[in-house]
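A.B. asks: I would like to see how this sequence folds:
(one chain, ligands or ions: 2)
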Amino acid sequence: MDSMHLTREEKEEAIRWAEDSSWVEREDYYEDTDYMECVRDIIESPVFQSMDNYMQHGDTTCKAHCIKVSYMGYCICRKMGWEYAEVARAGLLHDLFLYDWHTHAKETGEHFHGYTHPKTALNNAVKYFNLTEKEKDMILRHMWPLTPIPPKSREGMVIIYSDKFCGLIETMARVKRWILFGFGKKSAA
Ligand SMILES: [Fe+2]
Ligand SMILES: [Fe+2]
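C.D. replies: Ligands and ions are numbered 1, 2, ... in the order given. Down below sits the predicted model:
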């Protein structure tokens, strides 16, 4: 990642892009035919679409979050001349845990979602899709350094970077809306 230098304008644009889920709702990613060639089977599957039922960060659903992480990772890897198809696919599946983590602990007594959900996501992903070993590793290791073992590939580090970046911006976007418009809007914390 050392050689990936972004200008201030590019960083500001990346923040605006991650704050905004409207391009996901409009399904603008269909216009990127190279991207869709990598991910169409996953993105159009019922199990992937079901992530729209679960909130992830702020007002962003798991589905929208995973599309952002996938597309950001794909763009970074293309820019760097790295392998991008597996990043695009693993990005979509990295949070395929399929429950609402806001109520999960209360309902199940399982209090370690942050540590356990990569394994749950991987178990779900392999049930529905044929994955490469690298894709599996990227999903399983995406919470590093919270979980102790890092991914084996530089592309896995791109997923980690994209996930942390999007997660932070999605959470902050909600805080910003609270400050600007008040607390009336109902959504998950
Ligand atoms: Fe995650
Ligand atoms: Fe994530």
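A.B. asks: Next secondary structure element downstream of the lowest-mean-pLDDT helix or strand in the chain?
C.D. replies: Every helix and strand of the chain was ranked by mean pLDDT, DSSP states H and E. The lowest is helix 101-108, at a mean of 83. Helices and strands here follow DSSP states H and E; after helix 101-108, the next one along the chain is helix 113-128.
A.B. asks: what angle separates that following helix from helix 101-108?
C.D. replies: Put simply, helix 113-128 runs at 90 degrees to helix 101-108, going by axes from the mean of the first three to the mean of the last three CA atoms, to 10 degrees.
A.B. asks: Okay, buried residues for helix 113-128 please.
C.D. replies: Residues 117-118, 120-122, 124-125 are the ones in helix 113-128 that count as buried (16 or more other CB atoms under 10 Å). For the C-beta atoms, the positions are set from N, CA and C on the backbone; glycine is no exception.
A.B. asks: Likewise for stretch 85-100?
C.D. replies: So for stretch 85-100, counting by 16+ other CB under 10 Å, buried means 85-97, 99.
A.B. asks: same for ligand 2: which of the residues you listed are within range?
C.D. replies: Applying CB under 5 Å from the ion to these, one finds that residue 95 fall near ligand 2.
A.B. asks: which one of the buried residues of stretch 85-100 is nearest ligand 2?
C.D. replies: Ligand 2 lies nearest to residue 95 out of the buried residues of stretch 85-100, by CB to the ion, at 4.3 Å.
A.B. asks: Now do the most centrally placed residue in the chain against residue 136, distance only.
C.D. replies: Centroid check for the chain by CA atoms, centre = their mean gives residue 66 as the closest residue, at 3.1 Å. The gap separating residue 66 from residue 136 is 16 Å, by CB to CB, to the nearest Å.
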